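1. kindly return the folded structure for what I paste below:
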Amino acid sequence: MSAKLVVLTVAGLLFVGSPALSLVAFAQDLVFEQVGDVPICAADLDFDSLGALWASSSGFDFWYLDPILQTWDGPGNRGGDAFLALTSDTLIISNGIAVHRSLDGGKEWVVSHLEGGPLFDTATDGPNNGLILVGEETGGTGIAYSTDRGATFTESAFTVSTNRRSTLHSAVEIPDGPATGRLVAGVFNGIVVSDDGGQTWSPSSLFEDFRFSTQRVVIGEDPSSGTRRLYATVVDAQASGPQLYTSDDDGLTWANVPDMVDAELFVFVPGTSGSLLAVEDGTALEGDKLSLHWSEDGGVSWSIVGELPAEVNGGGIHTNDMLIGPDNHLYVAVGRAGPEPEWVYRTTEPVVVANEPEAPPAPAAKRFVVYPNPATDRITVTASEIDGDVVLYDVLGRAVRRARLVAGKAALDTSRLPAGVYVVRVGGESRLVTIR
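-> Residues are numbered from 1 along each chain as shown. This is a model prediction of the structure:
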């Protein structure tokens with residue numbers, strides 16, 4: 001993909017799960033380490049269904065990180081700016097010219113679409129059932145979609161005519177509520193929405209030819225109410241530097257949050273509401289490093305909380321991709337101008353970890369209960385003195401289930417969710433729950 005930067009939500013809060021667990025959020029003094037045994041030219045990162053890390057470059061290489069030896073296996077014989085590891089065998093690569101698909105872990109590749117740009121996939125158990133979107137950079141409308149795991153793609157249509165392709169940069173899927181299944185996409189020209197699985201797209205309030213270019217859209221929360229909020233970073237031709245926008249109606253209308261730091265792309269971490277962590281974007285000068293910035297108020301104010309170890313020495317460096325892994329560490333792919341590659345980095349500690357609590361929870365933290373825990377097919381939430389939605393997040397910070405409290409009670413179906421640890425959030429409070 002194009003150079004990417006991630007905003008990570010964290011918060012200095014104690015989230016209570018089972019009696020022996022709490023969530024600890026690392027909101028300052030983040031330290032990074034090198035990933036793997038050698039520096040690589042990583043343009044895009046992705047984890048497969050088994051939690052293994054893959055990386056692709058804008059050249060003709062891709063790598064697999066051995067989870068035991070922590071060494072890079074590669075390079076492979078196919079690379080691209082964008083990469084999806086649907087499983088350890090089914091890989092999708094987009095190189096700006098075409099989309100290539102492999103069913104044998106990258107040994108053999110077949111062209112599935114004669115266009116190529118950024119890639120996005122929805123959850124296989126979500127409302128769009130594993131839909132894949134790809135940006136079209138040189139032809140078409142700017143977006144194409146696949147309903148067969150990347151075997152074929154169909155060009156999307158736009159409900160308005162534009163003077164420039166609205167090439168896809170980023171997208172999210174609304175998992176529940178009145179807009180269940182809506183796709184919200186950041187594109188060149190602004191932000192567009194689709195309520196028919198990507199077949200047709202309509203402009204949101206943030207859309208204007210040649211003015212806007214949206215780099216990343218994520219699903220998060222309103223820091224004050226805990227309700228769903230979408231965040232987006234936008235380059236505006238009429239403004240200086242990246243701009244932060246938010247939407248409280250699932251992507252239809254957007255409002256600007258002034259004073260965004262020099263950062264464009266971001267992700268959401270479960271159990272928080274409105275805290276953002278960003279690594280500065282752009283090309284650094286000689287001797288500079290890329291700083292980390294933290295906001296605990298939804299992007300209204302920022303402070304520096306660390307820096308990446310990569311240092312400019314004879315050429316610029318920039319962030320290519322960032323994401324939160326299944327291990328809850330923050331991963332960053334750094335690019336370097338010139339022939340020398342740069343490292344992939346990750347935080348030395350998980351961003352959010354399960355830990356023994358140092359003290360009993362405050363009385364206010366008992367205002368809602370989740371049971372059974374561990375659970376299998378269903379969890380029930382009972383609450384007192386709290387109103388609003390019950391939201392269940394996976395380890396990647398994606399809202400996978402949502403229900404409304406009725407008479408202080410709500411139930412969520414977990415029968416189709418993968419086993420693991422999840423976060424239940426109600427009215428600004430959180431609990432850990434294990435799904436088996």
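2. use CA for all of it now, contacts and neighbours both
-> Fine.
3. does residue 96 really touch residue 114, like I thought?
-> No - applying Cα atoms under 8 Å, one finds residue 96 not in contact with residue 114, separated by 9.3 Å.
4. show me which of these two is the more surrounded one.
-> residue 96 (20 against 15; other Cα atoms under 10 Å).
5. check contacts around the closest residue to the more buried one other than its chain neighbours.
-> Take residue 96 and drop its neighbours on the chain: the residue closest to it by Cα to Cα, 6 or more residues apart in numbering is residue 116, 4.2 Å away. Contacts of residue 116 were listed using Cα atoms under 8 Å, 6 or more residues apart in numbering, and they are 94, 95, 96, 97, 98, 99, 134, 135, 136, 137.
6. I figured the second one hits residue 62, correct?
-> Put plainly, it is residue 95. No - applying Cα under 8 Å, one finds residue 95 not in contact with residue 62, separated by 11.7 Å.
7. neighbour count winner among those two?
-> residue 62 (28 against 23).
8. any idea how far residue 29 is from the more buried one?
-> Residue 62 sits 32 Å away from residue 29, going by Cα to Cα, to the nearest Å.
9. swap in residue 97?
-> If you go by Cα to Cα, the gap between residue 97 and residue 29 works out to 41 Å.
10. the more surrounded of the two?
-> A count of neighbours by other Cα under 10 Å puts residue 97 above the other of residue 97 and residue 29, at 16 against 11.
11. okay, the more buried one and residue 193: tell me how far apart.
-> Residue 97 is 25 Å from residue 193, by Cα to Cα.
12. residue 34 now?
-> Applying Cα to Cα to residue 34 and residue 193 gives a distance of 38 Å.
13. before we move on, what about residue 305?
-> 35 Å.
14. the more surrounded of the two?
-> Set residue 305 next to residue 193 and count neighbours by other Cα under 10 Å: residue 193 wins out with 24 against 18.
15. ok so residue 177 is a strand residue?
-> No - counting by DSSP: H, G, I helix; E, B strand; the rest coil, residue 177 is not part of a strand but coil.
16. wait, doesn't it sit right on residue 402?
-> Yes - counting by Cα under 8 Å, residue 177 touches residue 402, with 7.5 Å between them.
17. chain neighbours aside, what residue packs nearest to residue 346?
-> Per Cα to Cα, 6+ apart, closest to residue 346 is residue 331, 4.2 Å.
18. cool, residue 121 as well?
-> Using Cα to Cα, 6+ apart, the nearest residue to residue 121 is residue 132, at 4.3 Å.
19. which strands and helices sit next to the helix or strand where residue 220 lies?
-> Residue 220 belongs to strand 212-221 when assigned by DSSP states H and E. When contacts are defined as 3 or more Cα pairs under 8 Å, 6 or more residues apart in numbering; DSSP states H and E, strand 212-221 packs onto strand 168-173, strand 183-187, strand 190-194, strand 228-236.
20. quick one, that strand and strand 228-236 angle?
-> 160 degrees (axes from the mean of the first three to the mean of the last three Cα atoms, to 10 degrees).
21. how far off centre is strand 212-221?
-> 10 Å (Cα atoms, centre = their mean, to the nearest Å).
22. what's the angle between that strand and strand 168-173?
-> Using the same axes, to 10 degrees: strand 212-221 against strand 168-173 is 20 degrees.
23. contact partners for the nearest residue to residue 193 once chain neighbours are set aside?
-> The spatially closest residue to residue 193, leaving aside those adjacent along the chain, is residue 184, at 4.5 Å (Cα to Cα, 6+ apart). With contacts defined as Cα under 8 Å, 6+ apart, residue 184 is in contact with 171, 172, 173, 174, 191, 192, 193, 194, 217, 250, 251.
24. is the second one in contact with residue 191, as I believe?
-> It refers to residue 172. No - Residue 172 is beyond contact range of residue 191, at 11.2 Å (criterion: Cα under 8 Å).
25. tell me which of these two has more neighbours.
-> Using other Cα under 10 Å, the more surrounded residue of residue 172 and residue 191 is residue 191, with 34 against 23.
26. beta-bridge partners for the more buried one, please?
-> residue 186 (DSSP bridges).
27. now do the SS call for the residue nearest to residue 411 when sequence neighbours are not counted.
-> Nearest non-adjacent residue to residue 411, counting by Cα to Cα, 6+ apart: residue 380, 4.4 Å away. Counting by three-state DSSP, the backbone at residue 380 sits in strand.
28. bridged to residue 380, which residues?
-> residue 371, residue 411.
29. who are the contact partners of it?
-> By Cα under 8 Å, 6+ apart, the neighbours of residue 380 are 370, 371, 372, 409, 410, 411, 412.
30. would you list the residues you listed in a markdown table and tack on distance to residue 166, neighbour count and pLDDT?
-> Shown next, in a markdown table, are the contacts of residue 380 (distance: Cα to Cα, whole Å; neighbours: other Cα atoms under 10 Å; pLDDT from 0 to 100):
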| residue | distance to residue 166 | neighbour count | pLDDT |
| --- | --- | --- | --- |
| 370 | 44 | 20 | 89 |
| 371 | 46 | 14 | 88 |
| 372 | 46 | 15 | 89 |
| 409 | 43 | 17 | 88 |
| 410 | 40 | 18 | 90 |
| 411 | 40 | 19 | 90 |
| 412 | 37 | 17 | 90 |
